[in-house]
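K.L.:
Okay, here's the prediction I keep looking at, along with the sequence it came from:
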Amino acid sequence: MKKAIGFMKGHPLFTGIIGVTIGVAATKIFVENTIGRIAYMRIILALAMCTFVYLISGEKSFEKCHKTTGYVFKWGLLTIIPEMLMLLGFLFILVSGNTNVAAGWPLRVLLAVIACVFVGLFEELTFRVTINDALLYRFRNNKNIFVWIAIISCLVFGAVHVISGKIFGSPATLGMAALKILSSALCGLCWLILYWKTRNVWGIALIHALCDFTTFLQSALTETQVSLGGAENYTGANAGGLGVYLFQIVFGLVFVIILWKKVGKTIDFDEIRKTW
């Protein structure tokens, strides 16, 4: 066991690949469609990913934040404006009486909060921290390493939200899946920039949790099946679905530009190479 642990600590790229593979495979093999099951599974996966991150980066990934959680929230909240607007629309419909509130909704909302916290933590540890640190430690001296980290991290993050045989059901479904990947990738890029600037995985995980909560709350209040964003749940080739994705993509592009100008350009990448 000690030899195995020592090997994994000495080979961060190998450890990162194993960690991400296990995390993604677990979410696809053990499919959960209730809030309680999602909460239970993501708690286990978050703890597992903490172990992989510790093997790759040690304690510094959890202790050495360069910026406060308040700083992360200041910028991070702007990245989820589309989701917040959609939640406000749902709450307006709910208050108007056009949708019935599910029985036992307080418990369901509490479970949704727990689930979202650990979904956010698991996904940030997996798709931001593990991928970034594993690649950076292995290819620290590569002049384009941060570009490669951004491409790999964001594409994996986007693709994992739509991995399913159902996306090949029709050209329309495949097209919607591509839009979903791009939308998620842009959001992931924003959070990656914040991670580079702050190294505050806790703050970014909370922003991620709040983003997911806008969807989970709807399921909790109406007792509908929970969706974690798979393309099979976005198969409607209609103007409404297309409009939502296009809005998210346009907003994501605009905010990536703003965040890069305001935050990204202040990142000392040479310092990150030396001390991360």
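P.N.:
Nice, I can see it.
K.L.:
Tell me the helix or strand right after the helix or strand hosting residue 245.
P.N.:
According to DSSP states H and E, residue 245 maps onto helix 239-262. Where DSSP H and E defines the elements, the next helix or strand beyond helix 239-262 is helix 269-275.
K.L.:
Report the distance from that next one to the chain centre.
P.N.:
Centre-to-centre, helix 269-275 and its host chain are 25 Å apart (Cα atoms, centre = their mean, to the nearest Å).
K.L.:
The stretch 51-200 of the chain: helices as residue ranges?
P.N.:
Using DSSP state H, counting those that start in this stretch, the helices of the stretch 51-200 of the chain run over 60-63, 69-79, 81-95, 105-124, 131-138, 145-160, 171-198.
K.L.:
who touches the third one?
P.N.:
The set of residues external to helix 81-95 that reach it, using Cβ atoms under 8 Å, 6 or more residues apart in numbering, is 99, 101, 211, 214-215, 217-218, 221-222, 244, 247-248, 251. The C-beta positions use only the backbone N, C-alpha and C, and glycine is treated the same way.
K.L.:
could you check the angle helix 171-198 makes with it?
P.N.:
Angle of helix 81-95 versus helix 171-198, following axes from the mean of the first three to the mean of the last three Cα atoms, to 10 degrees, is 120 degrees.
K.L.:
what about residue 3, neighbour count?
P.N.:
By other Cβ atoms under 10 Å, the residues close to residue 3 number 7.
K.L.:
if we can go back for a sec, minimum distance to residue 10: which of the helices of the stretch 51-200 of the chain has it?
P.N.:
Residue 10 sits nearest to helix 131-138 of all the helices of the stretch 51-200 of the chain, at 10.3 Å, using Cβ to Cβ.
K.L.:
circling back: tell me the angle the helix holding residue 245 makes with helix 171-198.
P.N.:
On the basis of the same axes, to 10 degrees, helix 239-262 is oriented at 20 degrees to helix 171-198.
K.L.:
just the angle between helix 239-262 and helix 69-79, please?
P.N.:
Per the same axes, to 10 degrees, the angle that helix 239-262 makes with helix 69-79 is 140 degrees.
K.L.:
Which elements pack onto helix 239-262?
P.N.:
Helices and strands touching helix 239-262, by 3 or more Cβ pairs under 8 Å, 6 or more residues apart in numbering; DSSP states H and E, are helix 69-79, helix 81-95, helix 171-198.
K.L.:
Pull out the buried positions in that helix.
P.N.:
Buried positions in helix 239-262, judged by neighbour count with 16 or more other Cβ atoms under 10 Å: 241, 242, 245, 248, 249, 251, 252, 255, 256, 259.
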